[in-house]
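*Asks:* Sequence isn't available, so here's the structure alone:
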Ligand code: PLP
């Protein structure tokens, strides 16, 4: 028996365990100090009322002879796909129902999609970014080229004529930087992909944080993107589904490569290896897309946005360079006084009992930067910003 040796090449991620260790040590030495965590990438607001009520009534249904459901369609129930179809139509994108695949979250699909691509492909991945892209490709031994995201390009790497690759990951609004591509920039990527016979894997997990009509919430807002892009989306940050688990992936019929339909390949992959998202969860997800559900989730998103505004104001006041915070729950700042990411982490913890995430944990180009998130409570964020304000004086 031979194991997949590629696992040996994975970088062990010590980021969150190191943070936990440092925070625990600090608490031991300073038991009376209240530590405020602005490092978490998980949501804190509870599920909205419409979702809870839909989950309850679907559970009741499942306990009756008439309402019980066993295996569902692997690609999701039509009642949910119809809602998502309508959601896209509001963004002027027409999708066929069978172009929408319901999943248990974006992370699974972002990893699983690689099943339909050859291992010989070269993959382009921005640095810094959500670590799943690098790790899933490393597991399959694909050649990875990192695209530098930095202060000079506002953490939004762009294509050029010399850039060659087969698969490119774009994440907008970005984790960890909060940077958002505008339409012209995304169009440049779509043009590049079409010219190079490449595919864009577009991660729109944070699309609901965009509230500027001119910024694209979906890559399909760009002409011809259906010919070269797959979109991944999630209800995790949109509606607090991080623990409930539901997302969706759009694979258009126009994706034809080497006479093969990627839509058909993905359907084949999913029907072979996946047995669908629970009926109860899909009913909960359906409630997110009702007018009342949309109103309720917006209240939660606005709650986080208030936090983001507070953090941004404090940084602005002290002339600290940052991206994000506007159309994103993440604020990505340049560490003051040229500190490294971990130096600033220690400084913030020791002097203000605030926990953030060192940017270097998201890639080489993240060194010297720091991620704060708006997923905490208003009270804690306010208190943390008062402390930061004092500290930076
Ligand atoms: N994509 C990005 C950029 C993320 O930051 C996350 C989660 O943090 C995900 C995808 C995963 O989302 P899900 O909870 O739907 O698996």
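*Replies:* In hand now; what should we look at? Since the structure is predicted, the reported quantities are computational estimates derived from the model, not experimental observations.
*Asks:* Helix, strand, or coil at residue 107?
*Replies:* helix (DSSP: H, G, I helix; E, B strand; the rest coil).
*Asks:* my read: it touches residue 132, true?
*Replies:* Yes. Checked against Cβ atoms under 8 Å, the pair residue 107 and residue 132 is within contact range at 5.9 Å. Yep, even glycine has a C-beta here, placed from its N, CA and C like the rest.
*Asks:* what does this structure put close to the ligand?
*Replies:* Neighbours of the ligand within the chain, by Cβ under 6 Å from any ligand atom: 41, 105-107, 130, 171, 175, 203, 205, 234, 236, 242, 247.
*Asks:* List the contacts of residue 221.
*Replies:* Contacts for residue 221 (Cβ atoms under 8 Å, 6 or more residues apart in numbering) come out as 91, 92, 93, 183, 186.
*Asks:* burial measure for the residue nearest to residue 72 when sequence neighbours are not counted, as a count.
*Replies:* Leaving aside its sequence neighbours, residue 72 sits nearest to residue 276 (Cβ to Cβ, 6 or more residues apart in numbering; 4.7 Å). Neighbourhood size, residue 276 [other Cβ atoms under 10 Å]: 19.
*Asks:* from what I can see, residue 276 looks like it's in a helix, true?
*Replies:* No. Counting by three-state DSSP, residue 276 is not found in a helix; it is coil.
*Asks:* Can you tell me which of the contacts of residue 221 has the most neighbours?
*Replies:* Result: residue 186 is most packed of the contacts of residue 221 (other Cβ under 10 Å), 24 neighbours.
*Asks:* That residue is in contact with residue 168, isn't it?
*Replies:* No. Judged on Cβ under 8 Å, residue 186 makes no contact with residue 168 at a distance of 11.7 Å.
*Asks:* Distance from the chain centre to stretch 51-71, please.
*Replies:* 30 Å (Cα atoms, centre = their mean, to the nearest Å).
*Asks:* So which residues make contact with it?
*Replies:* 47, 239, 244, 275-276, 279-281, 283-288, 293, 296.
*Asks:* Next, the buried residues of the helix or strand that contains residue 350.
*Replies:* According to DSSP states H and E, residue 350 maps onto helix 341-352. Residues of helix 341-352 classed as buried: 341, 342, 344, 345, 347, 348, 349, 352 (neighbour count, 16 or more other Cβ atoms under 10 Å).
*Asks:* Distance to residue 59 added to those, as JSON lines?
*Replies:* Formatted as JSON lines, the buried residues of helix 341-352 follow (distance: Cβ to Cβ, whole Å):
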{"residue": "341", "distance to residue 59": "45"}
{"residue": "342", "distance to residue 59": "46"}
{"residue": "344", "distance to residue 59": "46"}
{"residue": "345", "distance to residue 59": "43"}
{"residue": "347", "distance to residue 59": "48"}
{"residue": "348", "distance to residue 59": "43"}
{"residue": "349", "distance to residue 59": "43"}
{"residue": "352", "distance to residue 59": "44"}
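*Asks:* Tell me where the stretch 1-150 of the chain has strands.
*Replies:* For the stretch 1-150 of the chain, the strands defined by DSSP state E, counting those that start in this stretch occupy 36-37, 100-103, 122-127, 143-148.
*Asks:* Would you point to the one among those strands that's packed deepest?
*Replies:* Mean neighbours per residue, mean count of other Cβ atoms under 10 Å, is largest over the strands of the stretch 1-150 of the chain for strand 100-103, with a mean of 24.
*Asks:* Good, wrapping up.
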